[in-house]
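[1] Output the structure for:
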Amino acid sequence: MLTNSLVELDRRHLIHPVSSFRGHEARGVRVLTSGKGATVTDAQGRTLIDGFAGLWCVNAGYGHESVVEAAADQMRRLPYATGYFDLGAEAPIRLAAVLADRSPGDLNHIYFTLGGSDAVDSTIRFVRYYWHAKGQPQRDQFISVQQGYHGSTTMGAGLTALPGFHDGFGVPYDWQHKISSHYIYRNPVGRDPQAIIDASVAELRAKVEALGPERVAAFYLEPIQGSGGVLVPPKGWVKAMRDVCAEMEILFIADEVITGFGRTGPLFASEEEGIVPDLMTVAKGLTSGYVPMGAVFMRDHVYETIAEGAGAKAIGHGFTYSAHPVSAAVALEVLSLYEGGLLENGRAMGARLMAGLDTLRDHPLVGDVRGRGMLAAVELVTDKDAKTPLPAAVQPATRLFDRAWDHGLIVRSFPQGIFGYAPPLCCTPDQIDAIVARTRAVLDQTLEDPEIRAVLR
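    Residues are numbered from 1 along each chain as shown. Purely as a prediction, here's the structure:
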């Protein structure tokens, strides 16, 4: 179809996620037509570097024929098999075993979902069942971290701590609570790592005491906060929080939907944090975004408690497409690509990306550069000493995204004036260098805006 026809059909019929309906109607859709490696092509024939891997998910890059063949072969043989009624198929069984073998510690039990949001939602149900099975149904209070993101289902959006996912939806619920983010750049205790860790530990303990230690069920965190602005905690922060939860007998859930599958270097970020969560959620890079799939990893003690608590009774939680054989076949092939060289390349290119972005610190608009591996952010300010964000009136999210697009680069542009980066692990050195160079070009262009010049210090 002609591009203008698609734009009009989109405007009339397709509801886009996390968008202003009226704003999208006015702007119209940008249609992507193909992708190869770390690049995508739009309907006008322009090729852009996808510096955000779709939505933090196309970790392996676009156009892997082996992945297409894995999906096609599974579709030909068995396109669907339910996991209900004690039925199953080879691919999801093998995938569960492969994931358990590669997971930290004794996360040996895998429940498959369609994506990250329903994986988080599933953990809420499993946590509740766990405490009922232990004879402690009063443990019904959940704690997460400000500026964290845990999906967009109704219950998950309540654990999410970003106002845009709460406004107008009646969440969070009164059993969902928050503690402050570690956000090093803007932490009120300063940038000293140990001071930040001590403050967070004290706040978590205080929150538990206020709610009642006998009532707190679980604590959720992302090893690196993604949608909050790519906020990297101080080294040791995640382990400190995990240790508090272990001491206070609170289930600890690591949300690795963004950080899993090589995004920060290893297969799972929990590995480099030196922790074993009680439950862990993944999605996105599990299939490199080629097909929908997520998963909940469950430690032995959680599984056994739920199993014993249920006995012969069925545990009433399930999805039609859980353990979908086509998604599982894709995930198995994607894992082979990661272990066949993409993880190694991602580590090398992640170091190059961080070194390149670090050269932007001298720019008048750059307040902070942070990241780990192929997950990074550049935070823009108009006053480096006061850390003053870009004026809301310039609509940083839209303006910066549009300018990056015009320079042949796709990145995440956050409303507070932060560029987020999550390039495919297959990036070449030239592509990493181009990401940095095109970012500087956008910064230089933005520096010339009259609204920016008027408030620049």
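[2] quick one: contacts for the most centrally placed residue in the chain?
    The chain has residue 258 as the residue nearest its centroid, 2.7 Å off, counting by CA atoms, centre = their mean. Counting by CB atoms under 8 Å, 6 or more residues apart in numbering, residue 258 touches 56, 222, 224, 226, 284, 375, 422. Where you see a C-beta, it was placed from the backbone N, CA and C, and this is true even at glycine.
[3] Please apply the same query to residue 268.
    Neighbouring residues of residue 268 by CB under 8 Å, 6+ apart: 102-104, 256, 259-261, 280, 282.
[4] Look up how far residue 345 lies from it.
    Noted for residue 268: a distance of 18 Å to residue 345, by CB to CB, to the nearest Å.
[5] what about the residue nearest to the centre of the chain, which helix or strand?
    Under DSSP states H and E, no helix or strand contains residue 258.
[6] now swap in residue 181 and tell me
    Residue 181 belongs to no helix or strand, assigned by DSSP H and E.
[7] Now do the contacts for it.
    Taking CB under 8 Å, 6+ apart, we find residue 181 in contact with 145-148, 161, 225, 228, 231.
[8] One more: residue 310?
    Neighbouring residues of residue 310 by CB under 8 Å, 6+ apart: 129, 133.
[9] Pull out the buried residues from stretch 126-141.
    126-133, 139-141 (16 or more other CB atoms under 10 Å).
[10] Which pair in the contacts of residue 181 has the greatest spatial separation?
    Using CB to CB, these span at most 11.5 Å, a distance reached by 161 and 231.
[11] between the two, what contacts are shared?
    147, 181.
[12] Check which helix or strand the spatially closest residue to residue 66 that is not a sequence neighbour maps to.
    In this structure, residue 66 finds its nearest non-sequential neighbour in residue 333, 5.5 Å apart by CB to CB, 6 or more residues apart in numbering. Taking DSSP H and E as the criterion, the element that holds residue 333 is helix 325-337.
[13] Buried residues in that helix, which are they?
    Quick answer for helix 325-337 (16+ other CB under 10 Å): 325-335, 337.
[14] give the contact list for residue 303.
    Applying CB under 8 Å, 6+ apart to residue 303 gives the contacts 108-109.
[15] what's the answer for residue 301, then?
    For residue 301, the contact set (CB under 8 Å, 6+ apart) comprises 106, 278.
[16] now it: how far from residue 133?
    On the measure of CB to CB, residue 301 and residue 133 end up 11 Å apart.
[17] in terms of contact, does residue 139 touch residue 131 like I think?
    Yes. The pair residue 139 / residue 131 is scored as a contact, 4.1 Å apart, by CB atoms under 8 Å.
[18] Note down every partner strand of whatever helix or strand residue 218 lives in and its orientation.
    Under the criterion of DSSP H and E, residue 218 resides in strand 216-221. Using DSSP bridges, the strands paired with strand 216-221 in its sheet are strand 141-145 (parallel), strand 251-255 (parallel).
[19] so how far is that strand off the chain centroid?
    Counting by CA atoms, centre = their mean, to the nearest Å, strand 216-221 is centred 18 Å from the centre of its parent chain.
[20] Could you do stretch 292-307 as well?
    With CA atoms, centre = their mean, you get 20 Å for stretch 292-307.
[21] Would you mind writing the CA trace of that stretch as CSV?
    Output of stretch 292-307 as CSV, limited to C-alpha atoms (Å, rounded to 0.1, in the frame of the first residue of the first chain):
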residue,chain,number,x,y,z
PRO,A,292,6.2,-12.7,21.8
MET,A,293,7.4,-14.6,24.8
GLY,A,294,8.3,-14.0,28.5
ALA,A,295,9.1,-16.2,31.5
VAL,A,296,9.1,-16.4,35.2
PHE,A,297,12.0,-18.2,36.8
MET,A,298,11.3,-19.8,40.2
ARG,A,299,13.7,-21.0,42.8
ASP,A,300,13.3,-24.6,44.2
HIS,A,301,11.9,-23.5,47.5
VAL,A,302,9.2,-21.3,46.0
TYR,A,303,8.2,-24.1,43.6
GLU,A,304,8.1,-26.7,46.3
THR,A,305,6.1,-24.5,48.7
ILE,A,306,3.5,-23.9,46.0
ALA,A,307,3.4,-27.5,44.9
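[22] Any buried residues in that stretch, and which?
    Going by neighbour count (16+ other CB under 10 Å), the buried part of stretch 292-307 is 292-299, 302-303, 305-306.
[23] In TSV: those, plus pLDDT, distance to residue 445 and secondary structure.
    Below are the buried residues of stretch 292-307 laid out as TSV (pLDDT from 0 to 100; distance: CB to CB, whole Å; DSSP: H, G, I helix; E, B strand; the rest coil):
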residue	pLDDT	distance to residue 445	secondary structure
292	98	37	coil
293	98	39	coil
294	98	38	strand
295	98	42	strand
296	98	44	strand
297	99	44	strand
298	98	49	strand
299	98	50	coil
302	98	51	helix
303	98	54	helix
305	98	56	helix
306	98	55	helix
